[in-house]
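Chemist: Provided below are the primary sequence and the corresponding predicted coordinates.
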Amino acid sequence: MVHYTDLKDKVILVTGAGRGIGKSIALELAAQGAHVVFNYRGDESKAIELKEEIEKAGGKATGLKFDVTDYEAMTKALDEFTKNVAPISGLVNNAGISKDTLLLRLKPDEISQILDTNLKGSMMVTQALARNFLKAENVSIVNMSSIVGLMGNASQAAYAASKAGLIGFSKSVAKELASRNVRCNVICPGFIQTDMTDALNDKAKEEYNKSIPLGRMGKAEEVAGLTCFLLSRASNYITGEVIKIDGGLYI
């Protein structure tokens, strides 16, 4: 693990930190000594467990109850935290959902759910923290897109659209806030080992691996390492970039 000294005590919000890539990012930041702020929706016992895991890994932790699609609850929770605890100087927009189905079978409410969570949710969280960012130092935003947002994929039209939209949004934010020394970058993971990919049968995994030049799926910890780099001062002169972490899948 690369150690970034400036991440110690840095206050960073990670949405969707309860599982998968988001959880790996939260724990990697904790190992760097960061103060990880995470959102949760319903089950407080799971939030308490995550808080304990983050603290055990070496960081500070604060759970805020809100859904990224509930603008009123989200802005209230973030305003209270930034006014009463500390400014947030790092943001990882990771919360996302997917509904894989053919375009002909995709329902309007399913499209709305995917766009509201993956794209609009990230936009609203960023907007809610924008004024706070102007008061914070060394601010870095990392938006979690997907390789699918770059290359598309059958049965993932709405998901791909949401992730592609996130790229355009991120580049706009990078240009808009650069004069205030606020950076914004995008990560596009390829096939990453998570609970979802673990559920695939061996034949399916083998087929996926054949399409990846490095011959394997990525690890959530590898995405977390890249995220820490982009949140740290080690990447001070990088903004508006779209970085693929896909084992060469996009080549």
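Modeler: Okay, I see it.

Chemist: phi, psi of Arg183?
Modeler: phi -100, psi 150 (degrees, to the nearest 10).

Chemist: repeat for the one 5 residues further on
Modeler: Phi and psi for Cys188, reported as degrees, to the nearest 10, are phi -120, psi 90.

Chemist: beta partners for it?
Modeler: Per DSSP bridges, the residues bridged to Cys188 are Lys244.

Chemist: tell me the bridge partners for Asn93.
Modeler: Asn143.

Chemist: next SSE downstream of the helix or strand bottoming out on mean pLDDT in the chain?
Modeler: Least confident helix or strand, the chain: helix 195-198 with a mean of 75, by mean pLDDT, DSSP states H and E. Once the chain leaves helix 195-198, the next helix or strand it forms, by DSSP states H and E, is helix 202-210.

Chemist: counting contacts, what elements does the helix or strand following that following helix pack onto?
Modeler: Scanning forward in sequence from helix 202-210 by DSSP H and E, the next helix or strand is strand 218-219. Where contact means 3 or more CB pairs under 8 Å, 6 or more residues apart in numbering; DSSP states H and E, strand 218-219 is packed against strand 192-193. Where you see a C-beta, it was placed from the backbone N, CA and C, and this is true even at glycine.

Chemist: what's the average pLDDT for the strand it packs on?
Modeler: What strand 192-193 shows for mean pLDDT is 94.

Chemist: and it, which strands flank it?
Modeler: Counting by DSSP bridges, strand 192-193 is paired with strand 218-219 (parallel).

Chemist: how far out from the middle of the chain is the partner strand?
Modeler: 15 Å (CA atoms, centre = their mean, to the nearest Å).

Chemist: so what does the helix or strand just after it touch, helix or strand wise?
Modeler: Next in sequence after strand 218-219, counting helices and strands by DSSP H and E, comes helix 220-231. Packed against helix 220-231 by the contact rule (3+ CB pairs under 8 Å, 6+ apart) you find helix 20-31, strand 90-93, strand 139-144, strand 182-189, strand 192-193, strand 242-245.

Chemist: which one of these is the most hemmed in?
Modeler: strand 90-93 (a mean of 28; mean count of other CB atoms under 10 Å).

Chemist: give me the mean pLDDT for that one.
Modeler: 98.

Chemist: cheers, nothing more for now.
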